[in-house]
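S.K.: the sequence and its predicted three-dimensional model are supplied below.
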Amino acid sequence: MTITPERRSLLPMLGQTHGNRSASVCHWKCADACAKPAENVSGNERFIDVARRAVAHRASRRGVLGASAAGVALAALAGATPAAAAPRRQSVGEGGAFGFTAIDPVPNTVDEVTVPEGWRWETIIAWGDPVEKGAPEFDADAQTPEAQKLQFGYNNDYLDVIQFRGNRNRALLVANHEYTNDELMFPPTTDPAQQLLNLETAMYAHGMSVVEVKRRNVRDAWKPVRGSRYNRRITLDTEFVMDGPAAGHELLRTSEDPTGTRVHGTLNNCAGSTTPWGTVLSGEENVDQYFTGPVAPTARERRYGLSSAGRGWGAVQSRFDLRNDGTRNEPNRFNYVVEIDPENPDEAPVKHTAMGRFKHEGAHVQLSADGHAVAYSGDDNRFDYLYKFVSRDTFDPAGTKAARAHNKTLLSDGDLYVARFVGDGTEDGEYDGTGEWIPLVVGGRSYVTGWTAAEVLIYTRNAADTVGATAMDRPEDVEPSPVTGFVYMACTNNTARTDANTDEANPRPANKDGHVIELREDDGDATGTTFTWNIILLCGDPEDTSIPTYFGGWEGPVSPISCPDNVAIDSSGGLWVSTDGQPGSIGYNDALHYVPVDGPERGRVQQFMAVPCGGETCGPQIKLEDGYALVAVQHPGDFSGATYESPASYFPYDGKFDGPRPACIQILPA
């Protein structure tokens, strides 16, 4: 049993942003993206307009919109200021795939991991724990780049435990390390040499980790295996192969790599997935923040956010200063879906240019009926798009080494599409419509006038702007159900989705709580080019009647939910939604929720757990067969005003550090 120390002191929510998170999270995670002009200035139709038309059509036909059932008032879509969140007074009841009793929402000052009665949580691995052979034990006061290269990285996001074939008690844990909170990691110093050392250490806290884990039986938590040959840190020193149609293109060439086919490192790795063939996909997201310059970015470069001063990484590695000769194309070598084989630590990971370059939240693969690998990916920015990739070749189910080697090439070539949504307003009680997948590159040929296929795949955002894709409210994690094939997309929120929504006296955006969309490919054909869609969740606190909400048609009590970020589908088809931003939007710690997607309880949100104050719930994995869940607790204690010397959290409460350490945890029956 993990015990939280009684001495923990909590900071107020200083510097809280108006929409969803602390100012420090915005600064470190995405370089204050929401404080800058939207990167998409194409003027493409936005999903808010699609939804508004659908609602208006229903209003004209039926005369009435129900706030808690079929309809959502236009005020909810246009924006409103909620009342202060009230304590829960109605029981959500028992249910869920695990048969748990839903917990109450947890106030945003509580420094605890909260789980249902009859459940416990345990830390598997945390920032600074040894990974590779020779790694020292974590010492907060004596950190070095050399140590961090061998230790578990910071701010774990995507997480999975992949069991060895034939041995359910041995597995490989794979985790992303998205970004760092430098002010919480290091003792304050004014020594320039130490500041540079800390900067380099933080650089090596990015990337990914592979760690062998074991357990005695299914009732026990996973524990790391020290010295395993599989244990591996993927850092800025790791060489990646650039593959696919754009590999070697002049826009990918630098003085360090004149071939345009090799690049060191992966950055800002957010969500991900495990493929049907056992590899791991990871999405590179807000990489622009690491580059200084260029002095005069082009329109295409500005579309990728290249306008900031960067983090000063050029002082350690010159390629991150785009003012240096031969470095201008270095950003073009990031923002891809990367694939690693955790079973082969000596194999170079791959960046797949065929899947396009944009701020990938992640990528999730399902196999079509005829064996094509179909991957869905959201571009996590205000007014950006949903994409789909369909492999040229098909999956080999033989299970041999040769078959696995073939399957590892499936994402190297194929067709890339971007989504257009159309509202129809014809379904009673649902926000729904139709859509189409607009081709960008099909059969190796560009479908964007005046663009080559390689240009489309390197400047995918710009290409999608030209074909009329629908601008969404920060499309993040997108995952197909292994049971139905339906696809679920989390739209976290949008702090500037219309020009008229904010002014100096009214800074709150309309869609501060976000929503979840269910997409159904026509005829169940994942390779097809048309689909239908509906909003299954219009998130928020249902007890705040100033902002109407919708929960899939369920009209009974639900747990409040805001800012959906990651989604997971369990083996029975149940939807799990983790959040990123509830502390600022509805006043509760971020959490993991269970949501039935069919039957009479469709849309009944039930909260399963909550992370500590300031933290984010990342990378959920639901292992129904073994009866446990995995969660990556990211940036615990990240409140504006929190520092190394005055922390807001002591998670994971193990006495190794007098402050917070991001960690991967397991939740299992007590």
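M.R.: Received the coordinates, thanks. Residues are numbered from 1 along each chain as shown.
S.K.: in this structure, where is pLDDT below threshold?
M.R.: Scanning the chain with the threshold set as pLDDT under 70 gives 1-96, 425-430, 496-509.
S.K.: what segments of it are helices?
M.R.: Remark: helices assigned in the chain by DSSP state H are 23-30, 47-62, 74-78, 145-148, 182-185, 192-204, 299-302, 401-407, 453-458, 460-466, 582-585.
S.K.: for the last one, packing partners?
M.R.: What it means is helix 582-585. Using 3 or more C-beta pairs under 8 Å, 6 or more residues apart in numbering; DSSP states H and E as the contact test, no helix or strand touches helix 582-585. (Each C-beta comes from the backbone N, C-alpha and C, glycine too.)
S.K.: with the fourth one instead?
M.R.: Where contact means 3+ C-beta pairs under 8 Å, 6+ apart, helix 145-148 is packed against helix 192-204.
S.K.: the helix it packs on: which residues count as buried?
M.R.: Neighbour counts over helix 192-204 (16 or more other C-beta atoms under 10 Å) mark Gln195, Leu197, Asn198, Leu199, Glu200, Thr201, Ala202, Met203, Tyr204 as buried.
S.K.: next one: stretch 458-471
M.R.: If you call a residue buried by 16+ other C-beta under 10 Å, then stretch 458-471 has these buried ones: Ile458, Tyr459, Thr460, Arg461, Asn462, Ala463, Ala464, Asp465, Val467, Ala469, Thr470, Ala471.
S.K.: neighbours around the nearest residue to the third one once chain neighbours are set aside, how many?
M.R.: On the basis of C-beta to C-beta, 6 or more residues apart in numbering, the spatially nearest residue to Thr460 that is not a chain neighbour turns out to be Gly356, at 3.8 Å. Around Gly356 sit 31 other residues, with neighbours defined as other C-beta atoms under 10 Å.
S.K.: so Asn511 sits right up against Asn493, yeah?
M.R.: Yes - between Asn511 and Asn493 there is a contact under C-beta atoms under 8 Å: 5.4 Å.
S.K.: anything in contact with each of the two?
M.R.: Residues touching both Asn511 and Asn493 (C-beta atoms under 8 Å, 6 or more residues apart in numbering) are Asp473.
S.K.: OK, contacts around the residue nearest to Thr460?
M.R.: Contact analysis of Gly356 by C-beta under 8 Å, 6+ apart lists Ser377, Tyr387, Phe389, Leu416, Leu440, Val456, Leu457, Thr460.
S.K.: what would the buried residues of helix 192-204 look like in JSON lines with distance to Glu132?
M.R.: Shown next, in JSON lines, are those (distance: C-beta to C-beta, whole Å):
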{"residue": "Gln195", "distance to Glu132": "26"}
{"residue": "Leu197", "distance to Glu132": "20"}
{"residue": "Asn198", "distance to Glu132": "21"}
{"residue": "Leu199", "distance to Glu132": "22"}
{"residue": "Glu200", "distance to Glu132": "18"}
{"residue": "Thr201", "distance to Glu132": "16"}
{"residue": "Ala202", "distance to Glu132": "18"}
{"residue": "Met203", "distance to Glu132": "17"}
{"residue": "Tyr204", "distance to Glu132": "12"}
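S.K.: pick out the most distant pair among these.
M.R.: Within the buried residues of helix 192-204, Gln195 and Tyr204 form the most distant pair, 15.5 Å apart (C-beta to C-beta).
S.K.: the residue nearest to Thr460 and Thr527, how far apart?
M.R.: When distance is defined by C-beta to C-beta, to the nearest Å, Gly356 is 17 Å away from Thr527.
S.K.: for Asp220, same thing?
M.R.: Applying C-beta to C-beta, the value for Asp220 to Thr527 is 42 Å.
S.K.: so for the two, which residue has more residues nearby?
M.R.: Legend: neighbour count by other C-beta under 10 Å for Asp220 and Thr527, higher for Thr527 (18 against 14).
S.K.: hey, where'd the strands end up in the stretch 251-400 of the chain?
M.R.: Taking DSSP state E, counting those that start in this stretch to define them, one finds strands in the stretch 251-400 of the chain at 262-264, 269-274, 280-284, 337-340, 350-352, 364-367, 372-378, 382-384, 386-394.
S.K.: list the strands paired with the fourth one, with their directions.
M.R.: This points to strand 337-340. Taking DSSP bridges as the criterion, strand 337-340 forms sheet pairs with strand 280-284 (antiparallel), strand 350-352 (antiparallel).
S.K.: just checking, Val295 touches Asn324?
M.R.: No - if you go by C-beta under 8 Å, Val295 and Asn324 don't touch, sitting 11.5 Å apart.
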